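A.B. asks: Here is the input, now give the coordinates:
(chains A, B and C)
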Amino acid sequence: MTRQEIYDRLLAQFGESVVAFSNEPFTQFIVIDTPAWYHIAQYLKTDPDLYFDSLMCVTGMDLGPKKESMEVVYDLFSMRHRHKITIKVVGPREDFHVPSVESIWRVADWHEREVYDMFGILFDGHRHLKRLLLPEDWEGYPLRKDYQVQEYYHGIRVPKIKPKKLAP
Amino acid sequence: MGLLEHKFNDNLVVGKIDNLIGWARSNSPWYFQFGLACCAIEMMSTAASRYDFDRFGAMPRSSPRQADVMIVAGTVTMKMGLRVRRLWEQMADPKYVLSMGSCASSGGPYWQHGYHVLKGVDLVVPVDVYVPGCPPRPEALLEGLMKLQEKMKKEKTLAKLAE
Amino acid sequence: MRDLRTEEMTLNMGPQHPSTHGVLRLKLRTDGEVVTSIEPILGYLHRCFEKHAENLEYPGVVPFVDRCDYLASMNNDHGYAMAVEQLLGIEVPERVEYIRVIFAELQRIASHLVAFGTFGLDVGAFTPFLYAFREREKILDLFEMTCGARLLYNYIWVGGLSHDIPPGFVEKAYEFLEYFEPKIKEYNDLLTNNKIFIERTADVGVLPADVAINYGVTGPQLRASGVDWDLRRDEPYSIYDRFDWNVVTGVEDMGVLGDCWNRYYVKILEMQESARIIRQALDRLPVDGDVQAAVPRKIRPPEGALYFRSENPRGELGYYIVSDGGTKPFRVKMRSPALSNLGVIDEIGAGWLVADVVAILGSLDIVLGEIDR
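C.D. replies: The predicted model follows:
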């Protein structure tokens, strides 16, 4: 099925929850309304014509303090029908809640924990949402565009001290 | 020497105990295999058959309590740095640290934007020998070990105990 | 007699352990010697790759991509270069494509050799490790002849290669293939048909096919469970569709589909198939062509995003690159195969003994540099 057909299918089933669709080269995605994501995900996985049984990648993106928004991008693939689709969920930079799909695709368990770790996006319904890569007591969310590195961590200096130029 | 020289058909050798201990220690540096990242693969290659580590007397030990030298091979992160310190404290004296690779010596290619990278393992443990390279060739690691062996040979054990 | 009660014990296979393939921490909850649950704790090698990628220009990201999966550097470079080339819309010369395939497959053999050697080491056999590294040194000689480095190459650039292959390379490569192909029989005698090895790995840690797809397991681990899926054949990139080779899936000779023995055996057979591809590529290598002809002076892709995936020795390596029209990428996300492969360990490791957990972890073939990025 082509991306247009998948979009038409979703539009027919869910109506208003499907917000936007773009099909230009290198900008192919479907934007959906955040609260409906869990039901749409279940439909995408279980419907026999779509059957997206493999979640390839979950990416978090911070569009910067000027645009004041963050996104989570899901790339889906169907091993049976060999078609792909990209789904986007858009939200604010502070206090962004996304329903978790880790009970549908188990691979999302760690990918969502990593997005939380790096961006601070909260996933509702995740069984144990805690930091994956950074230590538990790290401050801040590093991949945000306005992240400032902390000076000390447990007494160890974090940024490197640049050597002063030797006097001539 | 002097009085006893050439009296017993050279079956008796007189020397300092420090030299004997230094010679014995430097020819069996049992290393603590602490491979963290890419440099660990080069350390494994050095221990394999082409560049043999065993001919220097170096054996890999997995427990810090049985090791003399800790070869820190790879990038040390903040999370791991605390554990490196704890493992170093578990080693028994006399202990030495060989920092292998540029990541362990000074942060390596991650020095600029790496918020989670420890800029050099000498911020948590005292280092004796630095081996630069990304990753250092096995020959470079062998040279670093040989320099460490020279250092171990010159160490004055009894003189230190007497203090 | 009074009933004996057992209590659960938490055992820590800490970040420093001889058999965890790097700095991985496993929290095992055990009932005696039987493991009830496994919780991996990651992040001990988190080197902030994605932050570096946002602050460097497109060609400057290539050395950092190398260092993520340090056992398969050429494949990492290849995937990234192809992703950016698709964004830019440029085509590379034929000679470059052939050389890239030769190096990618040589790197695949080298990576599988390390997996085979260290898996033997985990299970208790020391000799295969030395044999595997002896073969690997010959491959590293070929790499060193071309680009000067043994482990991290920075060789496959966006639009071409950094150096052309030197004279004498093709003869040496043929010599290596002549030397290597009979060695597979040696490995089979050493480990594959070894009774102790079979007892330790057959029927241990069985991974069913549908669980594997749900958990996102890819690569030889997925093929050992019986799923016939290989990105080089099913979504061909570069020039893989011109070669004649087989996709290897698991067999039921010694155990069941999806056990540790199958995950190991698939890698041995894949090395054979890679040798076939290299031989065909060397036969048809175009004689002339400048490898730096298509390397662009300044890389400034148009705005847009792209998810591109290729077959790493460990599985499906994906790059999600977002460009905002400038010379530095806006976001580079690396979808690492080992992260998803490791996620399945709680599912297949529960219920086995502690020593079996070591065998299962070895068969999953993880590289911590890629998991933690």
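A.B. asks: Show me what from chain B comes close to chain A.
C.D. replies: Within chain B, the positions adjacent to chain A are B:78-79, B:81-82, B:106-107, B:111-112, B:115-116, B:118-119, B:123-124 by Cβ under 8 Å from any Cβ of the partner chain. C-beta coordinates here come from the backbone N, C-alpha and C atoms, glycine included.
A.B. asks: Now for the residues you listed: which two are most distant?
C.D. replies: The span of the residues of chain B next to chain A, defined through Cβ to Cβ, is set by B:82 and B:112 at 23.2 Å.
A.B. asks: Can you flag the buried ones in the residues of chain B next to chain A?
C.D. replies: Buried residues within the residues of chain B next to chain A, defined by neighbour count using 16 or more other Cβ atoms under 10 Å in any protein chain shown: B:78-79, B:81-82, B:106-107, B:111, B:115-116, B:118-119, B:123-124.
A.B. asks: Which stretches in chain B count as strands?
C.D. replies: Secondary structure of chain B (DSSP state E): strands located at B:31-35, B:60-61, B:69-73, B:96-100, B:129-131.
A.B. asks: Can you say which of those strands is packed in most?
C.D. replies: Comparing those by mean neighbour count (mean count of other Cβ atoms under 10 Å in any protein chain shown), strand B:69-73 ranks first with a mean of 27.
A.B. asks: Can you pull up the most central residue in chain A?
C.D. replies: residue A:72 (2.7 Å; Cα atoms, centre = their mean).
A.B. asks: now swap in chain B and tell me
C.D. replies: residue B:69 (3.8 Å).
A.B. asks: That one contacts residue B:97, correct?
C.D. replies: Yes - between residue B:69 and residue B:97 there is a contact at 7.4 Å, judged by Cβ atoms under 8 Å.
A.B. asks: So which bits of chain A are right by chain B?
C.D. replies: So chain A meets chain B at A:133-135, A:142, A:147, A:149, A:153-154, A:156-161 (Cβ under 8 Å from any Cβ).
A.B. asks: if we go to 10 Å?
C.D. replies: Proximity of chain A to chain B, by Cβ under 10 Å from any Cβ of the partner chain, involves residues A:133-136, A:138, A:140, A:142, A:147-150, A:153-162.
A.B. asks: Helices - which of these land there?
C.D. replies: Judged by DSSP state H, helices contain none of those.
A.B. asks: mind listing the helices for chain B?
C.D. replies: Remark: helices assigned in chain B by DSSP H are B:17-26, B:38-47, B:78-90, B:101-106, B:138-153, B:157-162.
A.B. asks: now those as a markdown table including mean pLDDT?
C.D. replies: Formatted as a markdown table, the helices of chain B follow (pLDDT from 0 to 100):
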| stretch | mean pLDDT |
| --- | --- |
| helix B:17-26 | 88 |
| helix B:38-47 | 90 |
| helix B:78-90 | 90 |
| helix B:101-106 | 90 |
| helix B:138-153 | 92 |
| helix B:157-162 | 73 |
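A.B. asks: thinking again about what came up before, quick check on the residues of chain A next to chain B: which are buried?
C.D. replies: Using 16+ other Cβ under 10 Å, the buried members of the residues of chain A next to chain B are A:133, A:134, A:135, A:138, A:142, A:153, A:158, A:160.
A.B. asks: which stretches of chain C form strands?
C.D. replies: C:9-13, C:25-31, C:34-41, C:156-157, C:160-161, C:304-312, C:315-323, C:331-335.
A.B. asks: How about residue 115, nearest residue that isn't a chain neighbour?
C.D. replies: Just so you know, I chose chain A. Nearest residue to residue A:115, sequence neighbours excluded (Cβ to Cβ, 6 or more residues apart in numbering or on different chains): residue A:60, at 3.9 Å.
A.B. asks: Please refer instead to chain C.
C.D. replies: Closest to residue C:115 by Cβ to Cβ, 6+ apart is residue C:365, at 4.6 Å.
A.B. asks: Phi and psi next, for the one you found.
C.D. replies: phi 50, psi 70 (degrees, to the nearest 10).
A.B. asks: Assess the claim that it and residue C:270 are in contact.
C.D. replies: No - applying Cβ atoms under 10 Å as the test, residue C:365 and residue C:270 come out as separate, 11.6 Å apart.
A.B. asks: Pull up the overlap in contacts between these two.
C.D. replies: By Cβ atoms under 10 Å, 6 or more residues apart in numbering or on different chains, residue C:365 and residue C:270 have these common neighbours: C:112, C:219, C:220, C:313.
A.B. asks: Enumerate every residue touching the second one.
C.D. replies: Which is residue C:219. Contact analysis of residue C:219 by Cβ under 10 Å, 6+ apart lists C:229-231, C:263, C:266-267, C:270, C:311-317, C:337-338, C:340-341, C:364-365.
A.B. asks: and if you look at the first one?
C.D. replies: By Cβ under 10 Å, 6+ apart, the residues touching residue C:112 are C:71-72, C:132, C:136, C:220, C:264, C:266-271, C:274, C:313-314, C:365.
A.B. asks: Chain B: which of the residues you listed is nearest?
C.D. replies: For the contacts of residue C:112, the minimum distance to chain B (Cβ to the nearest Cβ) is 6.8 Å, reached by residue C:71.
A.B. asks: Give me the distance between stretch C:336-352 and the centre of its chain.
C.D. replies: Offset of stretch C:336-352 from its chain centre (Cα atoms, centre = their mean, to the nearest Å): 16 Å.
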